[in-house]
Structures are given as structure tokens and as C-alpha cells.
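> Just to be clear, the model below is a prediction. Sequence and coordinates:
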Amino acid sequence: MSAQAPRPLCISVLAPDERPNTAGYAKWIGNCSGAEVLQPPAELMPRFREPADTAGLAAWLREIDGTVDAHVVSLDLLVHGGLIPSRLTPDRIGDAIPRLGVLRELRAPVSAYQVVTRLPHYDNATRSRQEPEYWGTHGRRMFELSQAWDRHDRGEASGEEVDAALAAVPAEYRHDLIRRRLRNHSVNLAALELAADGVVVDLMITSDDTAPRGLPASDRSTLSAWNQRLETSALLYPGADEVPSVLVSRVVSRARGVVPRILVACPDTAGLQRVAPYEDVPVDQGIDRQIRALGGERVFTVDDADLVLVVHAPAEIPGDWTGGPIDQDSSAASERVAAETASLLDSGRRVAVADLRYANGSDPTLVEALDRLGALQGLVAYGGWNTAGNTLGTTLAAGVSFLLDPSDRAADERGRFLITKIIKDGHYLPALRVQLQEELAARGLTDPPLDELPFLAGRVAGDLTAWASRTRSLRGVRVANVRWPWSYLFTVDFDVERIA
């Protein structure tokens, strides 16, 4: 007899944008966890740089408030119209803060999060589509100015260094940047007030593509101080795209009276003290915060654990798949992780694998080692995408879902999510996307022309299906309906189906 599904919770989710790894994953984690996730109509949501209808979103929250058990709200979406618009829109503080007022009107409890605005370190005209246009020519210099300001405030840089960095950036660019950062920082401070007043029951303030120094680090330090003074329980940690999924899991866990107990296993124990690319704290600290954000408890013996999170630690020499192929030999480290995973599975443990070895994609040698030992299909969750925080949060949320809904329907959803993540994180990101980027670069392009996307989608579907057929754990899986929500190769979506 199959396990009974619990009464589905109904949760409204305002993700920071329309992407599959934000809105899509949150809904999928809900399916895995016994929750019905309601999301705003597409016409209210942002479209890449185009902001959402913030007034329409507030009206939608009021309309559905009486029918849901809880709200999960990205303040970037509610206030700025989305994560990308938060970096672009000209709204003033007086325009932005009143948009938080709808949260005080809601009956259902609110779990919210907001991202400390990133400050990228590169000059790149294409990638600057996610930043103001001047990032294509002055992004690196803006980053260096940000570093100089923060280091000077900490007594690590001279006034002359700041003056030199200021002289390298036109005044109109830096004024635009600073005004927007001031506005976004004010929204974060207002969110702390909402938490102090009990309007928001859970508040996560996360850091997207961050570093130990710079204006984002300065903002985090100030927010942390006010969090302590207000005696609020906001969590500050590296992350962004994964937070809607984590908060869905947290809301369901609390409603079910479940506190997931999680053991962290990492053969490279020293690796847990490394700082992963795009983050500012050792990954072990990030893991602690992600477990707390989930509503879980970290335990230290396997017999106490509901779930074992096996971690493939960051490499000593950082690697990033968006920078091209990585030629490090990680086979020995991968074999140790795979062996520990297989041993835990053989002993009957529930296991999830978080691959933090490199940024923006998994380590292919780990996927091969897990498959060779027959361990891939035994996992409850797998992840290895974007930043360490993105990987950890999503993998943990998927991993604990079996505690929240043991039904066959939820198990089927978990299985489909696992297959999708293995294919996407394990092959598309570190292998196929790199190959496609090299082909485009040879043509002098960064992203494919829009009229080539339909042909490219068919090619990618065929390649991913062929790779799955060579992977023992994925034989009989077909990939279809490949799509790129923002019309560039970085973020892909597709469907998976069994053909045998």
C-alpha cells in the first residue's frame, strides 16, 4: 500500500523573477513536499529587464490572502519589480518603501527575503544586460572603486587609492550606482523593521555573487549590526536563486511539525573551510545557515540524521565553468566522495549530494564516479549549479522533501527533479554549454542569434538524450522541449520523460 499524502498546504510564492531555477524550482519543491504553490499570473511578472507590475502583485496578494496558508515573498519582486530590475530601475526611496505596506495587511504568515545587491567585477557588454549599460565599459572600475571605498573604511587602503579609483569612474555613473544601492539598502533596513514588528515571521537577507570586500560587504555589515540591535532573527548568508525553494520547504516543515536533522559528510574536511567563488564565508558556515534557513538542525552522528548531505568541497584552485573548460584533475577527490556516498546508501541512509567543486556547473568526474558505483539513482537529491549557496539550498530543500510528503505522487516528482538536475548540472552546464560558448566565440558571438534558438534547442535535446543513454542511471530518459527563458545559454530549461 502506498503512503498517504498529507493535506496539501497552499502557499503563495512571489519568486524574484520568472526563471525555472527561481519560480520553477520553488513550485517543484512544493510538489515534492506536499504543498500547492500559487504564483502570480505571467502578465504581472517581470520579463528579464522589464519590471513586474508591482501594484498588480500587491493586489494579487490581497486577493488570494484568504485562501492560502502562507506567503513566500521576494521583496526584490514586490518592491523593485524583480531581481534584475532592482539593479536598473530609477525609483527613489520614497517610491520603493511604501510598496512593502501590503505585507502589513495580510492575514496569512509571511516569509520574505531580499538580496544585498551584487557588484560584479567584470567589463562585459553582453553580461551587462543584467546591469546598467555602463557596466559594459566601466564595470571593472566600478568594482575597484567599491573595493577601495570599503577597504578605506576598514583602514586597509589610503585616501590616495580611493581618489585614484574615483578618478577612473565618471561621476554620473558612480552617482547612479550609489543612489540605487542606497535605495535598496533602505528596503533591507525596512525589512528588518517588518521582522521586528512581527509582520514577517521569517526573513532571509542573502548575498548574490558576493566577496569579502566592497560595498555589498559594507551593506551586510551594517544590516548584521541592526539585526542584532533589533534582536530580530533574520539570517544573513550567501545565496539568492535558491531561497524561494528553501522557504517553501521551511514553511511546510513548520506546518508539519518536522525539524529535518541533517548530517554533513565531506571526505575533504579541510575543503569545508574554503571560501567558494562568489561567496564571502567558508562553505561550512554557509551550510549551517542554509540548514537553519530550511528550518532544520545540523547533527553530527549518522544515527541521528534524517538526511546525509555529502559535499564535494570547493577546489583549492577555484574553477568556474563560465570561464571555459577546467583542466584540473579532480578524479581522486571525486572517487572519495562517490565511495562515501555509495557506502552510506548501502547502509540504508537517505543521501543528497551537493557538488561545490566548481562554480556554475558540476564536476563531471564526480558524476561519472557516482554512476560507475550505481549511486546516482539511489540519491534523494543532487545539485551542482551556479554558486555554492544556490547548490546547497536547492539540494537540501529537495533532499528533506521525503520527510514532508512520502506519497507516491511526491516520490515521482522527486525522481523527475533528480533526473533533471543530474542532466542539467552534470552535463549541460559543465560540458555542453562550454562547447556551445566556444563555438559562438569562434563566430565572434557571446550568445546565439534569436533565429537560431529553435535549431539549437533540437540539437541540445539530442545531445542531452544521448548523454543520458550513456549514463547507466539515466538510460531510458529522453530530453525534450529545450528552452532558454532569457534567450541566452546561461539558464536552460527542458522536460524529461521515460521512453523505456
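Yep, that arrived.

> Quick check: phi and psi at residue 330.
Backbone torsions of residue 330, given as degrees, to the nearest 10, read phi -110, psi 10.

> and it, what is it in contact with?
315, 357, 363, 365, 366 (C-beta atoms under 8 Å, 6 or more residues apart in numbering). For glycine as for every other residue, the C-beta is placed from the backbone atoms N, C-alpha and C.

> By neighbour count, which of the residues you listed wins?
residue 357 (30 neighbours; other C-beta atoms under 10 Å).

> Distance of that residue relative to residue 251?
Residue 357 sits at a distance of 31 Å from residue 251 (criterion: C-beta to C-beta, to the nearest Å).

> same check, this time on residue 352
20 Å.

> and what of residue 276?
In terms of C-beta to C-beta, residue 276 sits 27 Å off from residue 251.

> cool, residue 270 as well?
36 Å.

> what about the strands in the stretch 301-450 of the chain?
307-312, 351-355, 381-383 (DSSP state E, counting those that start in this stretch).

> quick one: average pLDDT of the second one?
Translated: strand 351-355. Mean pLDDT, taken over the full extent of strand 351-355, equals 98.

> same question, the shortest one
When pLDDT is averaged along strand 381-383, the result is 98.

> Show the average pLDDT along stretch 462-470.
Rounded mean pLDDT across stretch 462-470 is 97.

> Kindly report the same for stretch 304-314.
pLDDT averaged over stretch 304-314 gives 98.

> What is the distance between that stretch and the centre of its chain?
18 Å (C-alpha atoms, centre = their mean, to the nearest Å).

> Nearest spatial neighbour of residue 484, chain-adjacent residues omitted?
Leaving aside its chain neighbours, residue 484 sits nearest to residue 492 (5.8 Å; criterion: C-beta to C-beta, 6 or more residues apart in numbering).

> wait, I meant residue 164
residue 148 (7.8 Å).

> residue contacts, residue 362?
Contacts of residue 362 by C-beta under 8 Å, 6+ apart are 355, 384, 385, 425, 426, 429, 430.

> For the lengthiest helix in the chain, list every residue counted as buried.
In the chain, with assignment by DSSP state H, the single longest helix is helix 171-196. The neighbour-count check on helix 171-196 (16 or more other C-beta atoms under 10 Å) flags 173-174, 177, 180-181, 183-185, 187-188, 190-192, 194-196 as buried.

> can you pull the contacts of the nearest residue to residue 336 once chain neighbours are set aside?
Nearest non-adjacent residue to residue 336, counting by C-beta to C-beta, 6+ apart: residue 267, 4.0 Å away. For residue 267, the contact set (C-beta under 8 Å, 6+ apart) comprises 333, 336, 337, 340.

> again, only this time at 10 Å
Residue 267 makes contact with 310-313, 333-341, according to C-beta atoms under 10 Å, 6 or more residues apart in numbering.

> how close does it get to residue 303?
Distance from residue 267 to residue 303, by C-beta to C-beta: 20 Å.

> cool, and residue 382?
For residue 382, the distance to residue 303 - C-beta to C-beta - is 24 Å.

> quick one: which of these two has more around it?
residue 382 (31 against 7).

> In the chain, where is pLDDT below threshold?
1-6, 125-128, 500 (pLDDT under 70).

> Okay, buried residues for stretch 288-304 please.
288, 289, 290, 291, 292, 293, 294, 295, 296, 298, 299.

> of those residues, closest to residue 444?
residue 290 (40.4 Å; C-beta to C-beta).

> which ones are touching the closest one?
So residue 290 contacts 235, 237-239, 242-243, 246, 262, 283, 296, 298, 309, 354, 388-389, 391-397 (C-beta under 10 Å, 6+ apart).

> cool, residue 16 as well?
With C-beta under 10 Å, 6+ apart, residue 16 has these contacts: 22-23, 46, 52, 73-78, 80-86, 113-115, 208, 240-241, 243-244.

> That one and residue 22, how far apart?
Counting by C-beta to C-beta, the gap from residue 16 to residue 22 is 6 Å.

> Common neighbours of the two, please.
By C-beta under 10 Å, 6+ apart, the residues touching both residue 16 and residue 22 are 74, 77, 82, 83, 240, 241, 243, 244.

> Near the last one, how many other residues are there?
So that's residue 244. Residue 244, neighbours per other C-beta under 10 Å, totals 33.

> if we can go back for a sec, closest to residue 348 among the buried residues of helix 171-196?
Once C-beta to C-beta is applied, the member of the buried residues of helix 171-196 that ends up nearest residue 348 is residue 195, at 40.5 Å.

> And the closest one, how far from residue 234?
Taking C-beta to C-beta, one finds residue 195 at 6 Å from residue 234.

> Next, show the common contact partners of those two.
112, 202, 203, 205, 227.

> Which residues does the second one form beta bridges with?
Residue 202 has these beta-bridge partners by DSSP bridges: residue 111.

> just the helices in the stretch 101-250 of the chain please.
For the stretch 101-250 of the chain, the helices defined by DSSP state H, counting those that start in this stretch occupy 135-153, 159-167, 171-196, 215-230, 243-256.

> Distance to residue 471 for the ones you listed - can I get that in JSON lines?
Below are those laid out as JSON lines (distance: least, C-beta to C-beta, whole Å):
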{"stretch": "helix 135-153", "distance to residue 471": "38"}
{"stretch": "helix 159-167", "distance to residue 471": "49"}
{"stretch": "helix 171-196", "distance to residue 471": "43"}
{"stretch": "helix 215-230", "distance to residue 471": "39"}
{"stretch": "helix 243-256", "distance to residue 471": "25"}
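
> Quick one: closest of those to residue 129.
Nearest of the helices of the stretch 101-250 of the chain (C-beta to C-beta): helix 135-153, 9.0 Å.

> pretty sure residue 279 is in a helix, no?
No. Applying DSSP: H, G, I helix; E, B strand; the rest coil, one finds residue 279 to be coil, outside a helix.
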